[in-house]
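Student: Any chance you could fold what I've pasted below:
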Amino acid sequence: MTYKSGFVAIVGRPNVGKSTLLNDLIGYKLAITSDTAQTTRNMIRGIAHYDDAQIIFVDTPGIHKPKHKLGDYMNDSAYVALEGVDVILMLINGEESFGKGDEFVLERLKQLGTPIIAVLNKIDKFSKSKMIERLVELEAMGAFSEIIPIAAKTGDNVTELLTVIKQYLPEGPALYPEEQLTDVSRQFVAREYVREKVIYHTKEEVPHSVAVVIDAWEETEESIHIIASVIVERKSQKGILIGKQGGLIKKVRQQAERDMRRMFDKPTTLELWVKVEKDWRNKDRYLHEFGYNTDDFEL
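Tutor: You can find the predicted model right below:
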């Protein structure tokens, strides 16, 4: 049996389902997901192990028109993720027409000369006739090596997508040990789990202004205890996040703990503190401190 290995980037506009697809492809929750655009801020690699292949899927922030330095970082992170990959999955929201944002992303991808698989997502949300119409539209562009319709949220046709991806990978040995599932730290995963719960519970009031910092990580063979700060930009956001009598931040803590216990496979407790750092998304110092290191990129 021929064994293949390689890197596959998942790219597209914000909020088209990239992180949901990553989690579906690798079979566990690594990337956080939400209905809020620009939830993903960092490049994340998830390593999938199969009998005939090892695939390193690279989730990327949605490519968008930035409004602050954090947005610049997110775009740079997405562009860097494309360097040296074997296949690019361009995820497209099938509920919407192929717009200027999609065109901008596609023009950037075409410059790379890497096979591009168009992945038409959310086919569970519209009729079969509409799906055929969208597939014909994408085929007429002549830019894609393959066009695959899927529903990442339900897993529809994801197995077929995986089969197609493997056809474009080079033959070669596994690049990572079989037990390794990602190249991001557990501290990163913990921060993201907390941020996901904040986004879920605060909707449009707080999400884009939130960062999470791990202040302390105490671990034994039996358990993990984490102290973290949740950063917002305004005092009003701090009040919203804490909630009446601390009720909302308690929900965030409890739900994040639950995900961490599942991921880390041991009892995990979490302390959360809410702090205000005005306009942190435009300040290099805070971007570095909060894990958004723009100087890491050489574009």
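
Student: who's in contact with V274?
Tutor: Applying CB atoms under 8 Å, 6 or more residues apart in numbering, one finds that V274 lies in contact with S229, V230, V232, K238, L241, I242, I249. The way it works is simple: take the backbone N, C-alpha and C, and place the C-beta from them, glycine included.

Student: Tell me the secondary structure at V16.
Tutor: coil (DSSP: H, G, I helix; E, B strand; the rest coil).

Student: Any chance of JSON lines for the contacts of V274, columns neighbour count and secondary structure?
Tutor: Conversion of these to JSON lines gives the following (neighbours: other CB atoms under 10 Å; DSSP: H, G, I helix; E, B strand; the rest coil):
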{"residue": "S229", "neighbour count": "17", "secondary structure": "strand"}
{"residue": "V230", "neighbour count": "25", "secondary structure": "strand"}
{"residue": "V232", "neighbour count": "24", "secondary structure": "strand"}
{"residue": "K238", "neighbour count": "17", "secondary structure": "helix"}
{"residue": "L241", "neighbour count": "21", "secondary structure": "helix"}
{"residue": "I242", "neighbour count": "17", "secondary structure": "helix"}
{"residue": "I249", "neighbour count": "20", "secondary structure": "helix"}
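
Student: in the stretch 51-200 of the chain, what spans have low per-residue confidence?
Tutor: Flagging of the stretch 51-200 of the chain using pLDDT under 70 yields the residue ranges 64.

Student: where along it do the helices fall?
Tutor: Chain-ordered helices for the stretch 51-200 of the chain, with DSSP state H, counting those that start in this stretch as the definition, fall at 69-81, 100-110, 128-141, 158-167, 186-202.

Student: hang on, the earlier thing: what's the closest of the contacts of V274 to L21?
Tutor: For those, the minimum distance to L21 (CB to CB) is 27.5 Å, reached by V230.

Student: host element of the spatially closest residue to that closest one that is not a sequence neighbour?
Tutor: In space, not counting the residues next to it along the chain, V230 is nearest to V274; the distance is 5.0 Å by CB to CB, 6 or more residues apart in numbering. When elements are assigned from DSSP states H and E, V274 belongs to strand 268-276.

Student: mind saving the C-alpha coords of that strand as CSV?
Tutor: As requested, C-alpha coordinates have been extracted for strand 268-276 and formatted as CSV (Å, rounded to 0.1, in the frame of the first residue of the first chain):
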residue,chain,number,x,y,z
THR,A,268,-8.5,20.4,35.4
THR,A,269,-9.5,23.5,37.4
LEU,A,270,-9.5,27.1,36.2
GLU,A,271,-9.4,30.5,37.8
LEU,A,272,-10.3,33.5,35.7
TRP,A,273,-9.6,37.2,36.2
VAL,A,274,-11.0,40.0,33.9
LYS,A,275,-8.7,42.9,33.1
VAL,A,276,-9.0,46.0,31.0
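
Student: shift numbering so it begins at 43
Tutor: Noted, 43 is the first residue going forward, which turns the last one into strand 310-318.

Student: How far does it sit from its chain's centre?
Tutor: Here strand 310-318 shows a centroid-to-chain-centroid distance of 23 Å under the convention CA atoms, centre = their mean, to the nearest Å.

Student: Tell me the first helix or strand C-terminal of that strand.
Tutor: In the C-terminal direction, the helix or strand that comes right after strand 310-318 (DSSP H and E) is helix 326-331.
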